[in-house]
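Enquirer: dropping the sequence and predicted coords here.
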Amino acid sequence: MSDFTSDDINPYNVVLNYTSPYGFTQVTFHDLDTRAKTVMQYAVIFGLRLGFATVLFPIIYIVTKNKKTVLFVINQLYIGTLFVHSIMYICTLFKTYWSLTYHFSGYEINDKSALDLTAATSIVYVILIGLSTLSMSYQVHIVFRGPSIYYRNIGWSVVALSGLLGLASTVLYLTYAIMANINLYNSNYVVPIWVVNASQICYACSSFVVSTILASKLFIAIRTRKFLGLKQFSIFHILFIMSFQTMIIPSVIIVASFKSMSSTQSSNQSLMAIVTALIGVSLPITTMWANSAINETSATSISNTHLQKYNTNTSYDASTQSSPTSYKSSGGISADCKDAESGYSRSITDPSTAVTDKNFWSEVQYLAHGLEPSDLDAEDYVRATVETSINSKHNQI
């Protein structure tokens, strides 16, 4: 606690008297300190965002293997836009409309350069929101992209929901930016509060949908890997995925920002600035998890990066393959299938030579689930059917 003078005078409550356009005006030192702290708070937050973007952009570029994927381009655009928006916002803090003079004097100050910069910053922020929702919706598409028709049909429904929520939040943020820019040039224009609330609600719902799907993928991956007899995720790996690869933290902060709406606008803006920074960090990491195939030989959540320690050609990778035909060209179902290929013709006539590895046939059963004969090449379908029949006869013998 601060120590005051012997007369018990609180210096924060010392009144400053001056004349404004409204006549005799009073403010306290506490009011001045509060305004200065608000400006410093924004400077620190947007400075951190700028630092995150500066570090993340080259790191993601170096770590990513395939730089031609759609998600890589979207995420890099988001980080680049985050970098530009942070610089622009920091520049506005040095302009007229953040000064103590403008805030307390009561005089109208026309600074066209400051107005134009503020308006441009709002539009860049809308672009930032649009890129984040686009990346999240595309990650949902990646998660559900696979050989199963059933899961692909479910995926299209979830992608449509995520896309509509993202589009609605982007449109509402654009509407709010336009209204706020009109208010900059015409102080008599009032921005309705429902626009701000609706845009944040849609954005929170979009983030929550992606977070739920990525977390559900972890649960399905644990069950599937147990069924296939593959190496399980460690407890620390599961905690890492839940904490950093499911967007759970940004989603929680977005929900917390609703509570700050009833307090002060500055706290709400601060939380949303933190959210956009965390999303910038989370999107590349969640992309690795969204791209990872849950039935890989090694338990990994860093697909399409140079950080992978194992070759993942032994399983269907939904991030790079879009059909069973392209899957065939990538190198086969598993390493055991490659070893058995040379003796495939002998296995047709001699059951004793059939492949009997339990994990291999479990993987074939998993990948073939939900497929129609028309979804596979004729050769692949016949081969899978014949090998399964041979294995069944061998077990009976």
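Expert: Now that the structure is in, tell me what you want to look at. Numbers count the residues shown, from 1 in each chain.
Enquirer: tell me what the strand or helix carrying residue 284 is packed against?
Expert: Secondary structure from DSSP states H and E places residue 284 in helix 265-291. Judged by 3 or more Cβ pairs under 8 Å, 6 or more residues apart in numbering; DSSP states H and E, helix 265-291 is in contact with helix 29-63, helix 70-93, helix 112-144, helix 193-228, helix 235-244, helix 248-261. Bear in mind the C-beta positions are built from the backbone N, C-alpha and C, glycine included.
Enquirer: tell me which of the ones you listed sits nearest to residue 178.
Expert: Ranking the helices and strands packed on helix 265-291 by their distance to residue 178 (criterion: Cβ to Cβ) puts helix 112-144 first, at 8.5 Å.
Enquirer: next SSE after the closest one?
Expert: With elements assigned by DSSP H and E, the helix or strand that comes after helix 112-144 is helix 149-185.
Enquirer: thinking again about what came up before, any chance of the helices and strands packed on helix 265-291 in CSV, plus mean neighbour count?
Expert: Below are those laid out as CSV (neighbours: other Cβ atoms under 10 Å):
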stretch, mean neighbour count
helix 29-63, 15
helix 70-93, 20
helix 112-144, 20
helix 193-228, 18
helix 235-244, 14
helix 248-261, 18
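Enquirer: possible to save those as a markdown table with mean pLDDT and distance to residue 169?
Expert: Putting the helices and strands packed on helix 265-291 into a markdown table (pLDDT from 0 to 100; distance: least, Cβ to Cβ, whole Å) gives the following:
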| stretch | mean pLDDT | distance to residue 169 |
| --- | --- | --- |
| helix 29-63 | 93 | 20 |
| helix 70-93 | 95 | 15 |
| helix 112-144 | 92 | 6 |
| helix 193-228 | 86 | 4 |
| helix 235-244 | 82 | 23 |
| helix 248-261 | 77 | 11 |
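Enquirer: possible to save the ones you listed as TSV with distance to residue 153?
Expert: Output for these, formatted as TSV (distance: least, Cβ to Cβ, whole Å):
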stretch	distance to residue 153
helix 29-63	32
helix 70-93	22
helix 112-144	9
helix 193-228	15
helix 235-244	26
helix 248-261	26
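Enquirer: how about the ones you listed, which one is nearest residue 273?
Expert: Scanning the helices and strands packed on helix 265-291 with Cβ to Cβ as the criterion, the closest one proves to be helix 29-63, at 4.9 Å.
Enquirer: tell me the buried residues in the helix holding residue 284?
Expert: In terms of neighbour count (16 or more other Cβ atoms under 10 Å), helix 265-291 has its buried residues at 266-291.
Enquirer: picking that back up, and residue 184, which of the helices and strands packed on helix 265-291 is closest to it?
Expert: When the helices and strands packed on helix 265-291 are compared by Cβ to Cβ, helix 112-144 sits nearest residue 184, at 5.2 Å.
Enquirer: could you check the angle the closest one makes with helix 265-291?
Expert: Regarding helix 112-144 and helix 265-291, their directions subtend 30 degrees when assessed with axes from the mean of the first three to the mean of the last three Cα atoms, to 10 degrees.
Enquirer: how is this structure carved up into domains?
Expert: Structural domains annotated on the chain: 30-291, 324-396, as defined by automatic domain parsing.
Enquirer: off-centre distance for the longest one?
Expert: With Cα atoms, centre = their mean, to the nearest Å as the basis, the distance from the averaged C-alpha position of domain 30-291 to the chain average is 8 Å.
Enquirer: now do that domain: distance from first to last residue.
Expert: 52 Å (Cα to Cα, to the nearest Å).
Enquirer: ok, and the closest non-adjacent residue to residue 50?
Expert: Computed as Cβ to Cβ, 6 or more residues apart in numbering, the closest residue to residue 50 that is not its neighbour in sequence is residue 86, at 4.0 Å.
Enquirer: wait, doesn't that neighbour sit right on residue 53?
Expert: Yes: using Cβ atoms under 8 Å as the test, residue 86 is close enough to residue 53 to be in contact (6.4 Å).
Enquirer: give the contact list for residue 102.
Expert: 96, 109 (Cβ atoms under 8 Å, 6 or more residues apart in numbering).
Enquirer: and what of residue 50?
Expert: Residue 50 makes contact with 83, 86, 87, 90, according to Cβ under 8 Å, 6+ apart.
Enquirer: how close does residue 168 sit to residue 180?
Expert: 18 Å (Cβ to Cβ, to the nearest Å).
Enquirer: if anything else comes up later, I'll come back, but that's it for now.
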